[in-house]
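1. need coordinates for the following:
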Amino acid sequence: MDEIEKIKRDHPGEWISVRDKKIVATSKSHRVLYKKLKEKKMDSTYVIYSPTEKEKRYSFLFLVRE
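-> Okay, here's the model as predicted:
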């Protein structure tokens, strides 16, 4: 199994920062994840979202605020 798919499977409903196929940080909130990365002075990481089973039924997930 692809390592990224395994990471996503193990962290449903979470934002995940990955570098060199290793988890740097995770959070339920993308804002909190961004804050964690800034505190660690991390850059050049991939950030992915692992959808829950319910969310997997949808092609896109958007939150629009004005």
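
2. and the residue most central in space within the chain, what's its pLDDT?
-> Taking Cα atoms, centre = their mean, the centroid of the chain lies closest to Trp15, which sits 2.3 Å from it. Looking at Trp15, its pLDDT stands at 96.

3. which element is it on?
-> For Trp15, the host element (DSSP states H and E) is strand 14-19.

4. also Ile48?
-> strand 46-50.

5. by contact count, what packs against the strand holding Trp15?
-> When contacts are defined as 3 or more Cβ pairs under 8 Å, 6 or more residues apart in numbering; DSSP states H and E, strand 14-19 packs onto helix 3-10, strand 22-27, helix 30-39, strand 46-50. C-betas here are computed from N, CA, C, even on glycine.

6. helices or strands up against the strand holding Ile48?
-> Using 3+ Cβ pairs under 8 Å, 6+ apart as the contact test, the elements touching strand 46-50 are helix 3-10, strand 14-19, helix 30-39.

7. neighbours around the residue lying closest to Lys21 once chain neighbours are set aside, how many?
-> Leaving aside its sequence neighbours, Lys21 sits nearest to Glu3 (Cβ to Cβ, 6 or more residues apart in numbering; 4.7 Å). Neighbours of Glu3 under the rule other Cβ atoms under 10 Å: 10.

8. does Glu3 touch Ile16 like I think?
-> No - contact criterion Cβ atoms under 8 Å: Glu3 and Ile16 do not qualify, at 11.8 Å.

9. sheet partners, orientation included, of the strand holding Trp15?
-> Taking DSSP bridges as the criterion, strand 14-19 forms sheet pairs with strand 22-27 (antiparallel), strand 46-50 (antiparallel).

10. make JSON lines from those strands and add distance to Lys40, mean neighbour count and mean pLDDT to it.
-> Converted to JSON lines, the strands paired with strand 14-19 look like this (distance: least, Cβ to Cβ, whole Å; neighbours: other Cβ atoms under 10 Å; pLDDT from 0 to 100):
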{"stretch": "strand 22-27", "distance to Lys40": "7", "mean neighbour count": "16", "mean pLDDT": "95"}
{"stretch": "strand 46-50", "distance to Lys40": "13", "mean neighbour count": "15", "mean pLDDT": "93"}
